[in-house]
Structure formats: C-alpha cells, structure tokens
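K.L.:
Structure of the sequence below:
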Amino acid sequence: QSRARADGAILGSTRFFEIERWDWPSGHARHGRDLPDVCEIGHTWLSAAALRTAVNTEAKLLYDGDLMLGKSITQPDKAGSFGAELVTLYKITGNRKYLDAAVSIANTLASKTQAGDSDHSPLPFKVNALTGQVMSPYTTNWTGTLRLYQKLERLQQGNRAAYRRSFDQLLGWLKKYPLQTNKWGPFFEDIPGWSDTQINATTLAWYLMENKSWDSNWKQDVRGIQDWVISKLGNHSLEKKFGVLTINEQTVYAVPGQSHTSRHASVELRYAKETGDERNKAMAIRQLNWATYFVDDDGKNRYPDPHTYEIWWTDGYGDYVRHYLRAIAVDPELAPAGRNHILHSTSVVQKPDYQRERVEYTTFDKDSVELLRVAAKPLSVSFGGKTLNAPSSLSTDGWTWQPLESGGVLQIHHTASAHVSVRLPHEPK
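P.N.:
Residues are numbered from 1 along each chain as shown. Down below sits the predicted model:
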C-alpha cells in the first residue's frame, strides 16, 4: 500500500510479481541475504486524491524527470524524436493509440515554438513540464521533431497548419544559426553545463541528405558538419597504430563511442554516394569495423570507455544498430553475402517473411520503393496479382537487378499493391 506521509491515508496499492532471490556466490556482499534481488511491477490502483500526483513514481522508487535537475523537468527535443518513432510504430502495428500519442506530442511542441536567436532555440532543451519554466534554453536536436511533423503531414493528421509553422521556424533557425556557427549544444541530460555534441550535428547532416529540397546548400552544409566533427571531436589516439579515426561523444566527454563513430561513418558513406566525393569512404568502412569490436558474442555492447566499459543501452543498441542499417542501405556490398535482406524502404515494412526460395513483405504504403540484397537473381517479382519475370524500369511497377560478386542488389517499385513477393531459385547461381 501507498500512504500519505502527513496523515497515513491510503493513496493506492501496487502489485509486485516474479519476485526472485539470486544465488550469489560465496564471498559476494549479497551472498546469503534474505531480501529479493529483482521483481516485476504489476498493476497500480490509485485513489481519487492521488491522481495526477507524483505518488506513483515515488512509491515505486521510479525515475521521473531529469537526472541533473530533478522531477518534472522534461526535454522537448526527446519528445519530438519519440513522437516520430510512435508514428512508425503505428504504421507497423496499425494501433491508433500510437498515432494519437504522436499527435498530442506534436500539438504541444507546435504550440510552444517561438522565434529563436543565437542563444535560444525555438524550443528549449530543458523545461519544467508543470510550470513552463525554461531551465536550459538551447539545443539543436530538432531533426526528430521535423520528422514528426513531416510524417503527420503525409498522413493528414493533427493540426497541420500549426505543424508547418513550427517546422518552418525550426528549420529556418537551424539554417541561420548552428549551420553557420557550429554551435551544436547539448543532447545528454547528465551534463550540467555546456557541451557540443556530435549526435545533434551529424543527425542533421543525414536529414539534409534525405530532404535536399529543404536546403539548396546541402552539399556544403553536410560537408561542413562532418569536417567540424572531425576537427572538434575526432580522436586520433588509434589512428597511427590501427589507421582508424574514432569520434568522441561530445566536447566535455572526450571518449570515442561506437554509436558516434558508426553514425559519422554512415553519413560519410551516404555523402560519398550522393556527391561522388569518396575521400573519406575507406575510413568510414574502417570506422564501422572498429565499432563492432565492443560487441560480445552474446550481444552485449560495451561503451569503449577504458575506465568502465559499461553497457550503455541507447548507445549500444537502439542508436548503434541503426547506423549499420543505414550504411548497408547506402552501400549494399557491405551487407552479408549469400543471404536475403531488405535493406531499405521508402515506406515502413510491416510483415517481412524470409524463406530460402522466397522473400515476402507488406509495406504501409502501396507506392513504395525497396532495396534488397539477395543471394541470387530473382525468378520473378509479384505485387497486386501482377508478376514480372524480367527486370524493367522503376518509373512504374518494376524491378532492377545489379549483380555483385555474390548475389546482387534488387530494387523494387510497386504502386498497385502493398504486398510484394520475390521468388528466388532453389540454388543460387
């Protein structure tokens, strides 16, 4: 039960289950103790008086707020990024609750967007969610929020006029200030003061290459971001011995990270493809190689800080893996040979099914383009009851084939149906 400190009144109750006591080895500080080591938190009931209070997280000893500034402090840039991923989750599952939550986030962010300046971004980095007090006024991590607005616009959901206004303010501010000053600012909540972070800069670089029409100077801007990262965050400690330039996380934590190095590498590979400038391509592939060395056989991914080698969850998993997915989509020769993989889609792939002689999948949008690396040239590609036995143009429904030393690259454009079936030979030739 949860009780009020003042008068002992019952405020609610929480169920705990799967309570475990672990067999700690002899000599360990927890060996022989009677207290449980782990449990799962179940349902919680709250009385009417306890609703919309902090009792839920306080009673469960759960984290709520900002690591440095405490309870009720939130980061609007993370809300925008979360909202963009919620839209993707809606497209995967069809569950409307994810879309509704994304719309709610977008509505709040759009309503709070203001004109920024050199010291204030259009939305703050940290703000008290209850009072509206700005605790930290500047960050440049608005790529996720821009994506959120774009996704809702395409789905024709929410207050689209407000989204467009906020989108224009954010993008205009990014062009006018950080792209000119390289003042990229904070991202991580555990840093109490100022720090320029690689993720803010490099994520924007990727976004500009995805949306070239938003920035007529995208080539110069992307190259400028990457050169700034190399200059300010490039770590040369392994360059002489191993020939690899690793990338530090941020200016106040000069430790190279596998997620940050692989992010930088993926942008370099895309820049090389988009511009033909391959001066950093070989180094990018070497950086991807280096960033795999901290993943154990069982999947544990440890951050390469020699003082701790901690498992950092976002850096090691959610953020780390996506850069490899993007890299192999840009350069399919990096994908595993002799196997079948969907590397990229302009839509969201809902139901991939890999069989030895067949690859099938469904996309959220009927009109979509996919890139696959497969073990052999397809016998046919079908969608919407239409079967194409030979390569054709991608201007309408069709597919193209680029052979590699092993297998090749298959590109498919479909408009008649969201369901695609690729038939492959029994034995790759």
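K.L.:
so where's this protein shaky on pLDDT?
P.N.:
The chain contains residues with pLDDT under 70 at 1, 43, 51-63, 313-315, 428-429.
K.L.:
quick one: the helices in the stretch 151-300 of the chain?
P.N.:
160-176, 178-181, 198-210, 218-233, 239-242, 258-275, 281-291 (DSSP state H, counting those that start in this stretch).
K.L.:
So which of the ones you listed is the most surrounded?
P.N.:
With neighbours taken as mean count of other CB atoms under 10 Å, the helices of the stretch 151-300 of the chain reach their highest mean count in helix 258-275, at a mean of 24. Using the backbone N, CA and C atoms, a C-beta is placed for each residue, glycine as well.
K.L.:
circling back: in TSV: the helices of the stretch 151-300 of the chain, plus distance to Pro425.
P.N.:
Shown next, in TSV, are the helices of the stretch 151-300 of the chain (distance: least, CB to CB, whole Å):
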stretch	distance to Pro425
helix 160-176	47
helix 178-181	49
helix 198-210	35
helix 218-233	40
helix 239-242	41
helix 258-275	29
helix 281-291	30
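K.L.:
burial count for Gly65?
P.N.:
17 (other CB atoms under 10 Å).
K.L.:
from memory it sits against Val127, does it?
P.N.:
No: under the criterion of CB atoms under 8 Å, Gly65 makes no contact with Val127, lying 11.4 Å away.
K.L.:
any idea how far Ala418 lies from Glu249?
P.N.:
40 Å (CB to CB, to the nearest Å).
K.L.:
Do a quick rundown of the strands in the stretch 251-400 of the chain.
P.N.:
Taking DSSP state E, counting those that start in this stretch, the strands of the stretch 251-400 of the chain run over residues 253-256, 341-345, 353-355, 358-362, 368-374, 380-383, 386-388, 398-403.
K.L.:
Nearest to Ala4, out of the ones you listed?
P.N.:
Proximity to Ala4 (CB to CB) singles out strand 253-256 among the strands of the stretch 251-400 of the chain, at 41.5 Å.
K.L.:
Tell me which other helices or strands the closest one touches.
P.N.:
strand 234-235, strand 246-250 (3 or more CB pairs under 8 Å, 6 or more residues apart in numbering; DSSP states H and E).
K.L.:
go with 7 Å
P.N.:
Applying 3 or more CB pairs under 7 Å, 6 or more residues apart in numbering; DSSP states H and E, we find strand 253-256 packed against strand 246-250.
K.L.:
any residues touching the strand it packs on, and which ones?
P.N.:
Strand 246-250 is contacted by residues 195-198, 229, 233-235, 238, 254-257, 260-261, 264, 290 when judged by CB atoms under 7 Å, 6 or more residues apart in numbering.
K.L.:
what distance separates that strand from the centre of its chain?
P.N.:
18 Å (CA atoms, centre = their mean, to the nearest Å).
K.L.:
Is Ser368 bridged to anything, and to what?
P.N.:
In this entry, Ser368 is beta-bridged to His414, by DSSP bridges.
K.L.:
residues touching it, list them.
P.N.:
345-347, 414.
K.L.:
So for stretch 110-122, what gets flagged as buried?
P.N.:
Judged by neighbour count using 16 or more other CB atoms under 10 Å, the buried positions of stretch 110-122 are 110, 113, 116, 120-122.
K.L.:
and the two most separated of these?
P.N.:
Spatially, the most separated pair among the buried residues of stretch 110-122 is Ala110 and His120, at 17.4 Å (CB to CB).
K.L.:
With adjacent residues omitted, what lies nearest to the spatially most central residue of the chain?
P.N.:
Among the residues of the chain, the one closest to the centroid is Asp319, at 5.4 Å (CA atoms, centre = their mean). What sits nearest to Asp319 in space, not counting adjacent residues and going by CB to CB, 6 or more residues apart in numbering, is Ser259, at 4.6 Å.
K.L.:
and what of Glu310?
P.N.:
Among residues not flanking Glu310 along the chain, Tyr303 sits closest, at 5.4 Å (CB to CB, 6+ apart).
K.L.:
count of residues packed around that neighbour?
P.N.:
20.
K.L.:
still on that earlier bit, isn't the residue nearest to Asp319 up against Tyr317?
P.N.:
No: applying CB atoms under 7 Å, one finds Ser259 not in contact with Tyr317, separated by 9.1 Å.
K.L.:
Now Lys71. Nearest residue, chain neighbours left out?
P.N.:
Nearest non-adjacent residue to Lys71, counting by CB to CB, 6+ apart: Gly65, 3.9 Å away.
K.L.:
Perfect, that will be all.
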